[in-house]
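# here is a sequence together with a model predicted from it:
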Amino acid sequence: MPQADIGLIGLAVMGQNLVLNMNDHGFTVAVFNRTVSKVDDFLNGGAAGTNIIGTHSVEEFVGALKRPRRVMLLVKAGQAVDDFIEKVIPHLEDGDIIIDGGNSNYNDTIRRCKYVESKGLLYIGTGVSGGEEGARHGPSIMPGGSPAAWEHVKPIFQAVAAKADGEPCCDWVGENGAGHYVKMTHNGIEYGDMQLICEAYSLMKAVGMTPGEMSEVLAEWNKGELDSYLIEITRDILAARDPETGQAMVDVILDTAGQKGTGKWTGISALDMGIPLTLIGEAVFARCLSALKDERVAASEKLRGPKRTFKGDRAKFVEDVRAALYASKIISYAQGFMLLRAAAAEYGWNLNYGGIALMWRGGCIIRSQFLGRIKDAYSKKKEPTNLLLVPYFRSAVRKAQAAWRRVVIQAVRLGVPVPAFSSALAFYDAYRSERLPANLLQAQRDYFGAHTYERVDKPRGEFFHTNWTGTGGDTTASTYTA
Ligand code: 2AM
């Protein structure tokens, strides 16, 4: 007699923790793993004394599941997911559900959803965020895929998810790859948030502050509008000491950043759709530049910058940095939601932006008070076209603006790179510009490539070409391919 409410394949730490979390909430879970010995290790270790059912073959695993069978995969993204889908399909029946909870690329999820549905089954691709700790005690869960599958996983997912303001940080995101797309965007925003905090750190360092002093500053910031998980952990990181040398831990860590690719995917998607996701783009590139450690060390011997020292009021400067960080963060989220809107249009998803903000409000790495404000903004009757136009954020940016500009100016004077702070400001100034220099750009395109332009004194959609040199003729780019 099948007993398990859900089955999970993939007993790495995330998988184990999620299974224990489900068990805590009264669900019976069957487990399986490619390296089968890990099943028994788990049952004799972390899962000892629970109702978790260990299985030693795909047949036994599927046989342990109640119908509709819910098969969740938490295996390495990529081929492993396709391999397990192939392995379980022959054992499943109409209406059974395959769930991929890994960090899959949304394009793969779109493909797999179609494939699995073609076999009469249902598919869910879900983002699970919050790391090992989140998986154990309440992650943010972002499911998308076959809509008919949602009611069958909803009670389990919402029970184990983090809660924010009393609501589960898990709701249906949309069809096929929507869940993984939203998770990817979450990770992109995470890159942005982290880069912004690193720039604030870099500025405080440039004005002579110690990590201990910065930790105290972040403890204060965490009590206000910047209250968030990432500020909180950075506060603790800056206070930590290296047991070997007694130095601040942060000072003994090599300054080359790693990345697993979700920030890059976010940037690629933005470029594909023509969305100016500048802050996340800069955050990804900042990691790439940091990774060129040897080149930078060599260049630091040769390339000179300004020899300035900070002479201002340090406390005032720190407050300016806080305001600049907050304003830049608003820009980053405004851009992130612009991306989601574009993706919704591109892929035909009916995204619930307030729901997404709520899913990110707790459990995940970017969790913050701030996301509660975004949820409020999207819960209004009239959905805002851009977060920057929402009165709360508009006024927050207005208040922070002078400080933000002072910080960017100071950073430029000191020669401290602040790509995220400054590109956020450039975005703000461009987005609020009624007229940008693209008129000149269009003229250039028309000059060398006869790409044509529209005129300010003629209706949109009418295109003109100028014979700039008197020798180019009247042929336009659309009439030939060069
Ligand atoms: P393993 O324990 O047998 O290595 C995280 O790496 C999880 O994904 C683990 O459960 C791991 O199984 C599984 N995994 C990694 N690569 C895999 C593959 N190619 N096929 C199946 N499972 C894989």
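Right, received. Where do you want to start?
# contacting residues for the residue lying closest to G355 once chain neighbours are set aside?
Using CB to CB, 6 or more residues apart in numbering and skipping residues adjacent in sequence, the residue nearest G355 is D171, 4.5 Å away. Where you see a C-beta, it was placed from the backbone N, CA and C, and this is true even at glycine. Residues near D171 by CB atoms under 8 Å, 6 or more residues apart in numbering: 158, 352, 355, 358-359.
# let's see that with 7 Å instead.
Contact partners of D171, counting by CB atoms under 7 Å, 6 or more residues apart in numbering, are 352, 355, 359.
# do A411 as well
Each residue near A411 by CB under 7 Å, 6+ apart is listed here: 203, 418, 421.
# now render the residues you listed as JSON lines, adding secondary structure, distance to the ligand and neighbour count.
Listed next are the contacts of A411 as JSON lines, based on DSSP: H, G, I helix; E, B strand; the rest coil; distance: CB to the nearest ligand atom, whole Å; neighbours: other CB atoms under 10 Å:
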{"residue": "L203", "secondary structure": "helix", "distance to the ligand": "39", "neighbour count": "25"}
{"residue": "V418", "secondary structure": "coil", "distance to the ligand": "37", "neighbour count": "27"}
{"residue": "F421", "secondary structure": "helix", "distance to the ligand": "37", "neighbour count": "28"}
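# which of those sits closest to K399?
Nearest to K399 out of the contacts of A411 is F421 (CB to CB; 16.4 Å).
# the closest one: what's it in contact with?
Per CB under 7 Å, 6+ apart, neighbours of F421: 199, 324, 328, 407-408, 411.
# again, only using 8 Å
Applying CB under 8 Å, 6+ apart to F421 gives the contacts 196, 199, 324-325, 328, 404, 407-408, 411.
# any idea how far P155 is from the residue nearest to G355?
13 Å (CB to CB, to the nearest Å).
# repeat that for R304.
63 Å.
# could you do I141 as well?
12 Å.
# between those two, who's got more neighbours?
I141 (31 against 12; other CB atoms under 10 Å).
# which neighbouring elements make contact with the helix or strand containing the more buried one?
Assigned by DSSP states H and E, I141 belongs to strand 140-145. Packing partners of strand 140-145 (3 or more CB pairs under 8 Å, 6 or more residues apart in numbering; DSSP states H and E): helix 106-118, strand 122-129, helix 150-160, strand 174-175, helix 178-206, helix 353-361.
# tell me the angle that strand makes with strand 122-129.
Going by axes from the mean of the first three to the mean of the last three CA atoms, to 10 degrees, strand 140-145 is angled at 160 degrees with respect to strand 122-129.
# can you list the residues that contact stretch 300-318?
203-204, 206-209, 217, 407, 410, 413-415.
# for the chain, what's the longest helix?
For the chain, the helix with the greatest residue count under DSSP state H is helix 314-347.
# return the set of buried residues in that one.
317-318, 320-344, 347 (16 or more other CB atoms under 10 Å).
# distance from that helix to the middle of the chain?
13 Å (CA atoms, centre = their mean, to the nearest Å).
# and what of stretch 379-391?
Remark: stretch 379-391 is offset 21 Å from the chain centroid, using CA atoms, centre = their mean.
# what do you get for stretch 358-371?
The chain centre lies 11 Å from the centre of stretch 358-371; the measure is CA atoms, centre = their mean.
# just give the closest residue to the residue of the stretch 201-350 of the chain found nearest the ligand, not the sequence neighbours.
Residue nearest to the ligand within the stretch 201-350 of the chain: K260 (12.9 Å; CB to the nearest ligand atom). Leaving out its chain neighbours, the residue that sits closest to K260 by CB to CB, 6+ apart is N103, at 7.5 Å.
# show me what contacts the one you found?
77, 127, 180, 183, 187, 260, 262.
# contact residues of this structure facing the ligand?
Listed as neighbours of the ligand in the chain under the rule CB under 6 Å from any ligand atom: 10-12, 33-35, 38, 75-76, 79-80, 83.
# farthest pair within the residues you listed?
K38 and Q79 (19.2 Å).
# what about the two, which has more around it?
Applying other CB under 10 Å to K38 and Q79 shows that K38 carries more neighbours, namely 19 against 9.
# the more buried one in helix, strand or coil?
Here K38 is recorded as helix under DSSP: H, G, I helix; E, B strand; the rest coil.
# hang on, isn't it packed against I9?
No: judged on CB atoms under 8 Å, K38 makes no contact with I9 at a distance of 11.0 Å.
# all helices of the stretch 1-150 of the chain, in order?
Secondary structure of the stretch 1-150 of the chain by DSSP state H, counting those that start in this stretch: the helices cover 13-24, 37-44, 58-63, 79-88, 106-118, 131-137, 150-160.
# take the ones you listed and lay them out in CSV including distance to G461 and mean pLDDT.
Listed next are these as CSV, based on distance: least, CB to CB, whole Å; pLDDT from 0 to 100:
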stretch, distance to G461, mean pLDDT
helix 13-24, 52, 98
helix 37-44, 62, 98
helix 58-63, 58, 98
helix 79-88, 45, 98
helix 106-118, 33, 98
helix 131-137, 50, 94
helix 150-160, 42, 98
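# return the most buried member of those.
Sort the helices of the stretch 1-150 of the chain by mean neighbour count, taking mean count of other CB atoms under 10 Å, and helix 13-24 sits at the top with a mean of 21.
# C364 contacts A135, doesn't it?
No: between C364 and A135 there is no contact under CB under 8 Å: 11.1 Å.
# still on that earlier bit, just flag the most distant two among the contacts of stretch 300-318.
The most widely separated members of those are V217 and G415, with 22.1 Å between them, by CB to CB.
# these two: which is more packed in?
When neighbours are counted by other CB under 10 Å, V217 comes out ahead of the other of V217 and G415, with 20 against 12.
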